[in-house]
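Chemist: coordinates only, sequence not included:
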């Protein structure tokens, strides 16, 4: 694996970008609201813009270092860029688009075509493709050049839900199994969780936090990112846990998923959860009881300690410590919070109604 | 009335086609360079260059011809230098070509510039990210996508050059077989008694040539729009 280190400073009209990113495995997701400067960071890394200060290091290779006056233009960098708006060449066939950046006669073109599943589109005209097909061709084109670094700008955005999910599952499977270093820009949590990568939370051109997905999204900053902005609009506040171990339970037919500290959650046997995949729990699916509930349909009841309460309109968000540095967010009505007289430090029980497995 | 054109008329028709073709070929590279610069620059000089390029479009053609005489006449700045190497442009075939080219130039630049501007810089960025040098981007992305506009601009310039009169007669004169193009021939024939039939024949030829050029231009620009929309060609 090739370590990726990026440092960019650049003045934008509204704010300044000043980031230092480190992804030891060379796989990085830039997560944050729209307009946070993520795309500008990608463009600088690609050499499409010349920032005030910048350094991009991939393994031992220096893609650019402005302090040495070394900032090669995009065409000398070998960074594959998948643009949000595809940017296919309208006068070329699908096949000619894909092979545009590839070495003549190279096998990389065929590999890229197979990976993206665009075999049947090769002789079609670019204007006749659907949104999902266009995006796959754009990805194939970037892969066919055998990039040293792949830059993906919201690759699942603007597609209908099914197309987006299929593409995400295909590309994430491919990238997770390949050695290609990549930077993924997204404002969708599921995109980040589908890829096995380092995460940097980007806000107003700055890195709010960076680290592994489960650490980041269990931190206060991560929680704030998930409860505000675009991410919250999509799914409401969520908590993300990494599954350490999973096994089918013979008696219930459910799947027992173990989180970091031997905390077990029972899940419907939908998809087999591989260790290392993520579990996403919506705050709206978590309720609180002050005494251990007895007669209830809810399987997952975890003892917890209240860290903090935040009232927002008629709802109150409760941060719960599950032990072992695992933090869960619950969303209850402010009325219930008052009725139960919830207070920080109090021992309660978190009831999790349902949880979603991600990738 | 529609007897075959006489030898003198054929000479005017052929000369017109030759002069217009030469003028278009001569203007093409310069117009492409200027159009490219205008489409991509953010320089302050842009407005002034734009106005200068459009000047022949709004000036009386005779004034343009007079201006060419001043520049390329024996005592003009370029004329004196050309004379020193034995070249004289006024009242020559090359003079007719220059007059026609200058008058068609603004139309050519305009059409070319619009078509180059229509090729979004985003596509060039995409090509750059795929390893294409500036030269390869121009060759494989911008020029092919702008080609219909470049051709349409050339057709307009050609049609304008076919009809050029004022600048031509002022700068290049009215020399049969050398600078007497269709419009100049029509003017000459109208001065003579009994020239009406010949005028009518030349007028019909003019209409046919201009019409053919415009149809070709329209067809090419439609083809270009389809191409930009990514439709089948």
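Modeler: All right, it came through fine. Keep in mind that this is a model prediction, so the values were computed, not measured.
Chemist: where along the stretch 1-150 of chain A do the strands fall?
Modeler: Listed in chain order, the strands of the stretch 1-150 of chain A (DSSP state E, counting those that start in this stretch) span A:4-11, A:16-23, A:27-31, A:53-58, A:61-65, A:79-82, A:149-153.
Chemist: tally of neighbours for the residue in the stretch 51-200 of chain A that chain B sits nearest to?
Modeler: Chain B sits closest to residue A:127 of the stretch 51-200 of chain A, with a gap of 2.5 Å, by CB to the nearest CB. Just so you know, the C-beta spots here come from the backbone N, C-alpha and C atoms, and that holds for glycine as well. Neighbour count for residue A:127, taken as other CB atoms under 10 Å in any protein chain shown: 16.
Chemist: just the pLDDT at it, thanks.
Modeler: You'll see residue A:127 listed with a pLDDT of 89.
Chemist: okay, now the unreliable bits of chain A?
Modeler: A:1, A:228-236, A:261, A:269-275, A:354-359 (pLDDT under 70).
Chemist: now for the longest helix seen in it, which elements pack on it?
Modeler: In chain A, with assignment by DSSP state H, the single longest helix is helix A:161-177. Packing partners of helix A:161-177 (3 or more CB pairs under 8 Å, 6 or more residues apart in numbering or on different chains; DSSP states H and E): helix A:107-116, helix A:131-144, helix A:189-194.
Chemist: with mean neighbour count and distance to residue A:352 added, can I get the ones you listed in TSV?
Modeler: Converted to TSV, those look like this (neighbours: other CB atoms under 10 Å in any protein chain shown; distance: least, CB to CB, whole Å):
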stretch	mean neighbour count	distance to residue A:352
helix A:107-116	18	37
helix A:131-144	24	34
helix A:189-194	24	18
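Chemist: please convert the strands of the stretch 1-150 of chain A to CSV, extending it with mean neighbour count and distance to chain B.
Modeler: Formatted as CSV, the strands of the stretch 1-150 of chain A follow (neighbours: other CB atoms under 10 Å in any protein chain shown; distance: least, CB to the nearest CB, whole Å):
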stretch, mean neighbour count, distance to chain B
strand A:4-11, 20, 17
strand A:16-23, 19, 18
strand A:27-31, 26, 17
strand A:53-58, 20, 14
strand A:61-65, 17, 13
strand A:79-82, 28, 4
strand A:149-153, 24, 8
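Chemist: what is the burial count for residue 183?
Modeler: Because you didn't say which chain, this covers chain A. 27.
Chemist: was after chain B, sorry
Modeler: 19.
Chemist: how about the helix or strand containing it: buried residues?
Modeler: Secondary structure from DSSP states H and E places residue B:183 in helix B:182-191. Under the neighbour-count criterion of 16 or more other CB atoms under 10 Å in any protein chain shown, helix B:182-191 has B:182, B:183, B:184, B:185, B:186, B:188, B:189 buried.
Chemist: please identify which helix or strand holds residue B:80.
Modeler: Going by DSSP H and E, residue B:80 is part of helix B:77-84.
Chemist: and if you look at residue B:74?
Modeler: For residue B:74, there is no host helix or strand (DSSP H and E).
Chemist: ok, the residue lying closest to it once chain neighbours are set aside - how many residues close by?
Modeler: Nearest residue to residue B:74 in three dimensions, chain neighbours excluded: residue B:83, at 5.5 Å (CB to CB, 6 or more residues apart in numbering or on different chains). Residue B:83 has 16 neighbours, counted by other CB under 10 Å.
Chemist: tell me the confidence at residue B:83?
Modeler: Confidence for residue B:83, expressed as pLDDT, is 87.
Chemist: what's the spacing between it and residue B:90?
Modeler: Residue B:83 is 10 Å from residue B:90, where distance means CB to CB, to the nearest Å.
Chemist: now swap in residue A:21 and tell me
Modeler: 68 Å.
Chemist: which strand runs longest in chain A?
Modeler: strand A:300-312 (DSSP state E).
Chemist: run through who's touching that one.
Modeler: A:263, A:265-266, A:289, A:292-293, A:316-323, A:327-328, A:334, A:337, A:342-352, A:355 (CB atoms under 8 Å, 6 or more residues apart in numbering or on different chains).
Chemist: try 6 Å
Modeler: Residues external to strand A:300-312 that are found in contact with it (CB atoms under 6 Å, 6 or more residues apart in numbering or on different chains): A:265-266, A:316-322, A:334, A:344, A:346-352.
Chemist: just the buried ones among the residues you listed, please.
Modeler: Applying 16+ other CB under 10 Å to the contacts of strand A:300-312 flags A:265-266, A:316-322, A:348-352 as buried.
Chemist: can you lay out those as CSV showing secondary structure?
Modeler: CSV is the format used below for the buried ones among the contacts of strand A:300-312 (DSSP: H, G, I helix; E, B strand; the rest coil):
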residue, secondary structure
A:265, strand
A:266, strand
A:316, strand
A:317, strand
A:318, strand
A:319, strand
A:320, strand
A:321, strand
A:322, strand
A:348, strand
A:349, strand
A:350, strand
A:351, strand
A:352, strand
